[in-house]
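Asks: Please find the sequence and the predicted model below.
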Amino acid sequence: MIRELHNKLINKEITSVDLTQQYFDVIEKKDKDIFAYLTLTKELALEQAKKVDAKIARGEKIELLEGIPGAIKDNLCIAGVRTTASSKILDNYIAPYDATVIEKLKEVGAVFLGKTNLDEFAMGSSTENSAYGVTKNPHDLTRVSGGSSGGSAAAVATGEAVWALGTDTGGSIREPASFCGLVGLKPTYGRVSRYGAIAMASSLDQIGPLTKTVEDAAIVLSVIAGQDKMDATSAHSSGKDYTKYLTGEVQGLRIGIVKEYIDGLGEKEKKAILEVIKTYKKLGAEVVEIELPYSKYSLATYYIIQPCEVSSNLARYDGIKYGLSINDEKESGLAENGMPKKLLETYLDSRHYGFGKELQRRIMLGTYALSSGYYDAYYLKAQKVRTLIKKDFEKAFEKVDLILAPTAPTPAFKIGEKTEDPLQMYLADMFSITANITGVPAISVPGPEVEVDGKKLPFGFQLMGKWFDEENVLRAAHAYEINK
Amino acid sequence: MLDKNEVKHIANLARIGITEKEMDKFSHDLSSILDWIAQLEEVDVTGVLPTAHITGMSNNSREDSVSDFAEKEKIVALFPESRNGYDKVKSVL
C-alpha cells in the first residue's frame, strides 16, 4: 500500500498535502465511532506534507515513506506534542523531545496524523484500561480493538492512517493486529531503540509497525531499526532494507508447530490455524512438530517480571517532577503516619487519582514481589524460569527456522467481557507473551476469518523467528499473504 | 491471601493512596494473581542462571560527557511548581 501511494506521489497523481487531508477527512467522519485517536497533529502533518510536495516539485528523489501519513501510539514522544500514555497522570504532558523512532521517521519525511489510544501505559489487551475511553473494533463496534496498541490498529484498519507505530511488551502490537485484520510486527528485543518510548517493562518493551501488508511492515521497520547511543540495550545496526527479503517463496523453510498450542484452541480457531499450516506445506515449507515444555510458564513468569519492572519504572510519577500533581494542601486522609505529611500526601494523592485501577494493581503486585524477603521467591525465580524458556527456544531453533502459533486464543472479544476479572484478560496474551519473554521477533498475519455469533471476524496467526532474523519472519509472512 | 493490613503496607510502599473500600478489592485481586503465579513453584531451577538481558548483548556505552539540552524551558514548564528555573520540591524534613 505504501509503495502504491509512493508511486502516485512521484507520478504527481496526488500531492502529500491532499493525501494527508484525505486521511483527516476520514478521521473526521469515522473516529467519533471508533475513537482511535487521542490527539490530532494536523498542523505538524500538513507542514511535513508541504515539505515533501516541495521536494517532489523540485524533482528531488523521495524515500518510500516520505509524505505518507501514519499514526503514532500515544506512549511515543513527539517533541511539542501532548503525550499521555492514556493516563490521567500524564494528561498535561507535552513531550520536550522526539523518540528515536520519531526522529528517524522525520528524517525520511514521514507524516504524523496524530497520537493513538492505548491501555494506560500500555498495560492491557483491549484499550479498556485507557483513561480516555475504549477504541472500538472497526469490524464490529461492540467488540474491542485489542490492546494495548488498539488505537493504532483501529486507525489503520479503518483507513484513518496508512501505517502506525505501536509498542509490544506482551503482545500489544500483535493481538490488536490479529483482532483488526492487520499485520503487526514485534521486532527482536533491541532491534529498535526504545529511547522516547514511555517505559513500562524495560526488559520486554519493543516498538514496531502495524500495517495492512507485510511489505508495509518491512518498509517501516527498515526506517526505525538500528543501534542508538541513547538506548544502551539497542543492538548493532542491521542497516538492512527488509523489503529485499520478500521473495514470495518459502521452499525448504522449516516451520515448527507446538501440538499443545493448537489442540488447546476452540474448534473454529483450530481449523483456521490448520488451514494456514496446509498453505505453508503447499508452498514447500517443511512443517515439523517441536516441543517447548517450559513455554507454558511464560504467562506466570511475565506477570512477575512485568509488574516488578512497572513498579520501578513508574516510581518516577510522583507529583513532583512532571505530570499530575495533587498539591492542594488538604489532608486527604490517605497518608499514614511517619513521614512529612505534605510530601507524602502529594505522592499518595497524585498516584491515587493519576493511575487507573489496573496500574495500581500491577504497581502493587510488583512492589510486593520486590519487597524485602520476597525477591528470591518471585523476581529471581522468574528470571531463572525465563532462562529455561529461552533454552527451549534455542533448542527448537536448532531444528526449525520459524515457529508458527496462534496470535491470540480467539478473535476480538466483546467490550466489557473481561474487565471484571484481571486474570481472564491476562489469558488473552497466552500465545504472544512468549516472544517477549524470549526476545525473539514475531509477526501476526491475518489468517482465515473465524465466525463468531454469525459474524466473520479477523483472526491472526503468528510467526516467531530466531533472534535478529526479521528477514525470515517477514519473508514467510509475505509468502502466505500473497499465496493464501 | 493478602490481608488488608498487608495491602495497606504495600500501597504505602508503592506510594499509592487507597481508600478503605478499595482495600477489599485489591486484597482479592492481588491474592488471586499471586495464587495463580504460584504455579512457578513446581519448576526446578537448581543451577539455572537468571536472565537479565535476553539477547545477551553487553552494554552499548557512549562517552560520559556533558551536553546542553537546547529546550530547557520546555522541561521547566512541566514542573508542577517552579522557582527561578528550578523544580520546587517540598520539604523532606
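Replies: Received the coordinates, thanks.
Asks: Sticking with the nearest residue in space to A:Ser202 that is not next to it in sequence, tell me its helix or strand.
Replies: Of all residues not flanking A:Ser202 in the chain, A:Glu309 sits nearest, at 5.6 Å (Cβ to Cβ, 6 or more residues apart in numbering or on different chains). For the C-beta atoms, the positions are set from N, CA and C on the backbone; glycine is no exception. If you go by DSSP states H and E, A:Glu309 is part of helix A:298-313.
Asks: sorry, back to before: tell me the spacing between the residue nearest to A:Ser202 and chain B.
Replies: 12 Å (Cβ to the nearest Cβ, to the nearest Å).
Asks: Please enumerate the helices of chain B.
Replies: Using DSSP state H, the helices of chain B run over B:4-13, B:20-37, B:72-76.
Asks: Could you check the first one and say which residues are buried?
Replies: It refers to helix B:4-13. Neighbour-count burial for helix B:4-13, counted by 16 or more other Cβ atoms under 10 Å in any protein chain shown, picks out B:Glu6, B:Val7, B:Lys8, B:His9, B:Ile10, B:Ala11, B:Asn12, B:Leu13.
Asks: try the last one
Replies: Buried residues in helix B:72-76, counting neighbours by 16+ other Cβ under 10 Å, are found at B:Ile75.
Asks: What are the contacting residues of that helix?
Replies: Residues from elsewhere that reach helix B:72-76, judged by Cβ atoms under 8 Å, 6 or more residues apart in numbering or on different chains: A:Gly80, A:Ile94, A:Pro96, B:Phe69, B:Ser82, B:Gly85, B:Asp87.
Asks: With stretch A:310-325 instead?
Replies: A:88-93, A:121, A:123, A:199-202, A:326-327, A:346-347, A:349-351, A:353-355, A:359, A:362-367, A:370, B:14-15, B:78-81, B:87, B:89-90.
Asks: which of these are buried?
Replies: Judged by 16+ other Cβ under 10 Å, buried ones among the contacts of stretch A:310-325: A:88-90, A:93, A:121, A:123, A:199-201, A:326-327, A:346-347, A:349-351, A:354-355, A:359, A:362-367, A:370, B:14-15, B:78-80, B:90.
Asks: what's the pLDDT at A:Leu334?
Replies: We note a pLDDT of 64 for A:Leu334 in this prediction.
Asks: on that earlier part again, run a quick neighbour tally on the residue nearest to A:Ser202.
Replies: When neighbours are counted by other Cβ atoms under 10 Å in any protein chain shown, A:Glu309 registers 22.
Asks: right, and it touches A:Ser203 too?
Replies: Yes: shown here, A:Glu309 and A:Ser203 form a contact pair, counting by Cβ atoms under 8 Å, at 6.3 Å.
Asks: what's the nearest residue to residue 8 if we skip its chain neighbours?
Replies: Picked chain A for this. A:Ile14 (4.9 Å).
Asks: The chain in question should be chain B.
Replies: B:Met23 (6.6 Å).
Asks: next one: A:Ile94
Replies: With sequence-adjacent residues excluded and distances taken as Cβ to Cβ, 6+ apart, A:Ile94 is closest to A:Arg82, at 5.7 Å.
Asks: For my notes, please list the helices of chain B in JSON lines and give mean pLDDT for each entry.
Replies: Output for the helices of chain B, formatted as JSON lines (pLDDT from 0 to 100):
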{"stretch": "helix B:4-13", "mean pLDDT": "94"}
{"stretch": "helix B:20-37", "mean pLDDT": "93"}
{"stretch": "helix B:72-76", "mean pLDDT": "92"}
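Asks: Out of those, the one nearest A:Val440 is which?
Replies: helix B:20-37 (22.8 Å; Cβ to Cβ).
Asks: now that closest one, how far from the centre of its chain.
Replies: 18 Å (Cα atoms, centre = their mean, to the nearest Å).
Asks: same question, stretch A:152-159
Replies: 13 Å.
Asks: For it, which outside residues touch it?
Replies: Residues contacting stretch A:152-159 (Cβ under 8 Å, 6+ apart): A:23, A:26, A:30-31, A:34-37, A:71-73, A:113, A:116-118, A:135-139, A:145-146, A:160-166, A:173, A:176-177, A:179-182, A:184, A:210-212.
Asks: Narrow the residues you listed to those in helices?
Replies: For these, secondary structure assignment (DSSP H) places A:Tyr23, A:Val26, A:Lys30, A:Asp31, A:Ile34, A:Pro176, A:Ala177, A:Phe179, A:Cys180 in helices.
Asks: List the contacts of the fifth one.
Replies: Right, the one you point to is A:Ile34. A:Thr135, A:Lys136, A:Pro138, A:Leu141, A:Ser145, A:Ala154, A:Ala155, A:Thr158, A:Glu160.
Asks: With adjacent residues omitted, what lies nearest to A:Ala49?
Replies: Nearest one to A:Ala49, counting by Cβ to Cβ, 6+ apart, is A:Ser16 at 3.9 Å.
Asks: What is the burial count for that neighbour?
Replies: Neighbours of A:Ser16 using other Cβ under 10 Å come to 28.
Asks: What of A:Tyr195?
Replies: Counted with other Cβ under 10 Å, A:Tyr195 comes out at 21.
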